[in-house]
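Participant: okay, here's the prediction I keep looking at, along with the sequence it came from:
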Amino acid sequence: MSVKLEATRKFAAYSLPGSAPAVPPPAPAASKPAAAAKAKAAVPAAATASTATAAAVDVEALILNTLASLNEIADTWDFAAQHQLDHQEIVGAIKSLLVDFYVVDHPLSATIWSLTDEGKDVLEKGSPEIQVLRAVSAAGSIAINTLNAQLGEVAKIGMGVCMKNKWIAKKGDNVEALVSDVKDETTAQLQQVATTAGAGMNTNDLNNLKKRKLVLQNTRKSYRITKGADFREKRVRKVADLTKAMLGKRDEMGEGTHWSDLSFKAVNLNAMGAPPTGGCFHPLMKVRAEFRRILMDMGFEEMPTNRWVESSFWNFDSLFQPQSHPARDAHDTFFIKSPAQALSVPEDYYEVVKNTHEKGGFGSIGYGCVFQREEAMKNLLRTHTTAISAQMLYRLAQSVKETGEFTPKKYFSIDRVFRNEAMDATHLCEFHQVEGFVADRNLTLGNLIGVIKTFFEKIGITQLRFKPAFNPYTEPSMEIFGYHPELKKWTEIGNSGIFRPEMLRPMGLPEDVRVIAWGLSLERPTMIKYRIENIRDLFGHKADLNKQRNAPIARF
């Protein structure tokens, strides 16, 4: 308590940063030379440069020199004011010295009072009650309306206090003064706050001023500084690492450059290292892993989809998609500049596909177009994984030709595809496609609906609807809709159909073999699972890595 009171008395003359500057109490004229001489004798030469700016003063050296001479700095706030330095700069230097045990700090605190803007106005013009008394006394008797017009809000505040103290009395619509002269205690108290920052004042008076919002109470924190265990008058920086430049013969090296001339920072061998963060699965990969597990449980095999670049032949032509189709335009597809052309395709199969496009066959009249090899051999970033499905079906057909036997197959793939689309909250130029197909004899639309329902029920979507649609390589085709319980509406979640004979028969598959297929994106169920509204928060440079790292494992 004594330290706090002493600090309050000693530094009440200094104002807080951001508060009204306090006026220091005037010292007796006779004491000025003595005080100056005392300060000059007590502080070393390096510490008496009170006119130096913070930029020109070595604060650490100033602190160490002062401690060497006086053994302590009684209060850093006073020390900063004496040398015209920012107190925070003093504190920063002390924190640095504490690390190497050059100094020891002892926290201090002092209560400082300062005037508010309203308090400054009262100090200049007088308290509201005194202003009212002066106006009434000057007029002898004055109408209340006239007083309000003359003093404004001050009249309402001051009249209540004046009547309570019986300084004025109300007579009709007028007020008259009962006393002629009263001491302005409020202004006197505010003057004392401005002069001494509240030091030595009555606590009740200060609290009353605070209640009237004329003063502010602040706690100023500072430190008493003493010498530390490793105190030196000159700071010697400790070195963190031993380097090659410190090694060698001491007599051949400059002074202070050999390792033996240096002080090294202590190493805490018991400290725990930073925990390794390791890798993590992206939310898309977490959902992908769950989809793979579900599809494998349903008996599907995964197709090899690690080749992103395909020829237009496998991506479009083998699917019986015409060469004039809008999807093959550069506005929808990313074509490869180099190498621009594929090296080869199965020539016998190519001829059958070409003939089917131009003249038809297998119950179709074809497109009646001129099939161009240059167009078919263009390389592109695949627009769907159905290009891989076509190659797997072609291999299955070749197996039938070699063995004479057809083996039913169930395949799936989950991989990246690319389309030249405008990017927005739900679309990117690249996304992941989940695709599956079943090849067997005499499959029907009922089989397709059954497989789709089984898969979607396993991922928690039990309410499904199917709507007729058109795809170039499936007939019939259906769009898949699922009911979203949170949005309370039906949402498109996939596409499906039965591959056309114009696609399957040129490969060499038996006439009674049907292939049912379906597909959906991986991003949409992932966004629903993790409640992500913008796809750019899931995939791309704007994604939150910490959120992705902490995303739970996907379970449906």
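Facilitator: Received, thanks. No experiment lies behind these values; they were computed from the predicted model shown.

Participant: below-threshold pLDDT in the protein: ranges please.
Facilitator: Flagging of the chain using pLDDT under 70 yields the residue ranges 1-57, 330-331, 556.

Participant: so which bits of the longest helix out of those in it are buried?
Facilitator: Under DSSP state H, the helix in the chain containing the largest number of residues is helix 386-403. Neighbour counts over helix 386-403 (16 or more other Cβ atoms under 10 Å) mark 386-394, 396-397, 400 as buried. Just so you know, the C-beta spots here come from the backbone N, C-alpha and C atoms, and that holds for glycine as well.

Participant: helix or strand next in line after that helix, which one?
Facilitator: strand 409-418 (DSSP states H and E).

Participant: pull up the pairing partners for that following strand, direction included.
Facilitator: According to DSSP bridges, strand 409-418 forms sheet pairs with strand 301-302 (parallel), strand 430-441 (antiparallel).

Participant: out of those, deepest packed?
Facilitator: strand 430-441 (a mean of 20; mean count of other Cβ atoms under 10 Å).

Participant: would you confirm that Gln398 contacts Gly508?
Facilitator: Yes - taking Cβ atoms under 8 Å as the definition, Gln398 is a contact partner of Gly508 at 6.9 Å.

Participant: which of the three states applies to Ser114?
Facilitator: strand (DSSP: H, G, I helix; E, B strand; the rest coil).

Participant: which residues does it bridge with?
Facilitator: Leu216.

Participant: and the gap between it and Gln372?
Facilitator: Using Cβ to Cβ, to the nearest Å, we find Ser114 at a distance of 87 Å from Gln372.

Participant: the two: which is more packed in?
Facilitator: Of the pair Ser114 and Gln372, Ser114 is the one with more neighbours under other Cβ atoms under 10 Å, namely 21 against 12.

Participant: distance-wise, check that one relative to Ala194.
Facilitator: For Ser114 relative to Ala194 (Cβ to Cβ), the value is 8 Å.

Participant: got it, and Leu343?
Facilitator: 92 Å.

Participant: the two - which one has more neighbours?
Facilitator: Ala194 (21 against 8).

Participant: my guess is that one meets Ile112, correct?
Facilitator: No - if you go by Cβ under 8 Å, Ala194 and Ile112 don't touch, sitting 12.0 Å apart.

Participant: so where do the strands sit in the stretch 201-350 of the chain?
Facilitator: Assigned by DSSP state E, counting those that start in this stretch, the stretch 201-350 of the chain shows strands spanning 215-227, 301-302, 309-311.

Participant: and these as TSV, adding distance to Met285?
Facilitator: Below are the strands of the stretch 201-350 of the chain laid out as TSV (distance: least, Cβ to Cβ, whole Å):
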stretch	distance to Met285
strand 215-227	52
strand 301-302	15
strand 309-311	22
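
Participant: quick one: which of these is nearest Arg524?
Facilitator: strand 301-302 (21.0 Å; Cβ to Cβ).

Participant: off-centre distance for that closest one?
Facilitator: 40 Å (Cα atoms, centre = their mean, to the nearest Å).

Participant: need the contact partners of that strand.
Facilitator: 292, 295-296, 409-414 (Cβ atoms under 8 Å, 6 or more residues apart in numbering).

Participant: what is the burial count for the nearest residue to Ile73 once chain neighbours are set aside?
Facilitator: Computed as Cβ to Cβ, 6 or more residues apart in numbering, the closest residue to Ile73 that is not its neighbour in sequence is Ile225, at 4.1 Å. For Ile225, the neighbour count with other Cβ under 10 Å is 25.

Participant: and Ile225, what does it touch?
Facilitator: Ile225 neighbours (Cβ under 8 Å, 6+ apart): 63, 67, 72-73, 76, 94, 103-106.

Participant: ok, Asp332 next?
Facilitator: Taking Cβ under 8 Å, 6+ apart as the contact definition, Asp332 lies against 326, 383, 419-421.

Participant: if we use 10 Å, what do you get?
Facilitator: Asp332 is in contact with 325-326, 383, 419-421, counting by Cβ atoms under 10 Å, 6 or more residues apart in numbering.

Participant: now neighbour count too, for these, in TSV please.
Facilitator: Written out in TSV, the entries for the contacts of Asp332 read as follows (neighbours: other Cβ atoms under 10 Å):
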residue	neighbour count
His325	12
Pro326	8
Thr383	21
Arg419	17
Asn420	14
Glu421	13
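
Participant: next, give me the two most distant ones among the residues you listed.
Facilitator: Most distant of these, by Cβ to Cβ, are His325 and Glu421, 16.3 Å apart.

Participant: hmm, which of the contacts of Ile225 are the buried ones?
Facilitator: Using 16+ other Cβ under 10 Å, the buried ones in the contacts of Ile225 are 63, 67, 73, 76, 94, 103-105.

Participant: now, which of those residues sits nearest Asn379?
Facilitator: Once Cβ to Cβ is applied, the member of these that ends up nearest Asn379 is Ile94, at 68.4 Å.

Participant: that closest one: which element?
Facilitator: helix 87-99.

Participant: buried set for that helix?
Facilitator: 87, 90-91, 93-94, 96-97.

Participant: packing partners for that helix?
Facilitator: Secondary-structure packing of helix 87-99 (3 or more Cβ pairs under 10 Å, 6 or more residues apart in numbering; DSSP states H and E): helix 59-70, helix 76-82, strand 103-115, strand 215-227.

Participant: relative to Met201, which of those is closest?
Facilitator: strand 103-115 (7.7 Å).

Participant: may I have the closest one as CSV, with CA atoms only?
Facilitator: Only the C-alpha atoms of strand 103-115 are listed here, as CSV (Å, rounded to 0.1, in the frame of the first residue of the first chain):
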residue,chain,number,x,y,z
VAL,A,103,17.7,-6.7,-14.5
VAL,A,104,14.8,-7.6,-12.2
ASP,A,105,11.4,-5.9,-12.5
HIS,A,106,9.0,-5.1,-9.6
PRO,A,107,5.5,-4.2,-10.8
LEU,A,108,4.0,-0.9,-9.6
SER,A,109,0.6,0.6,-10.1
ALA,A,110,-0.9,4.1,-9.5
THR,A,111,-4.4,5.4,-9.7
ILE,A,112,-4.6,8.5,-12.0
TRP,A,113,-7.6,10.8,-12.4
SER,A,114,-8.1,13.0,-15.5
LEU,A,115,-10.7,15.4,-16.8
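
Participant: tilt between that strand and helix 59-70?
Facilitator: Angle, strand 103-115 to helix 59-70, by axes from the mean of the first three to the mean of the last three Cα atoms, to 10 degrees: 100 degrees.

Participant: most tightly packed of the strands of the stretch 201-350 of the chain?
Facilitator: strand 309-311 comes out most buried of the strands of the stretch 201-350 of the chain by mean count of other Cβ under 10 Å, with a mean of 20.

Participant: neighbouring contacts of it?
Facilitator: 315-318, 334, 336, 339, 341-345, 376-385, 387-388, 390-391, 418.

Participant: just curious, which of the contacts of Asp332 is nearest to Gly363?
Facilitator: So of the contacts of Asp332, ranked by how close each gets to Gly363 (Cβ to Cβ), first place is His325, at 20.9 Å.

Participant: any idea how far Arg419 is from the closest one?
Facilitator: 14 Å.

Participant: which of the contacts of strand 309-311 fall within helices?
Facilitator: Short answer: those in helices (DSSP H) are 315, 376, 387-388, 390-391.

Participant: tell me the one among those residues nearest to Ile498.
Facilitator: For these, the nearest to Ile498 is Ala390 (14.7 Å; Cβ to Cβ).
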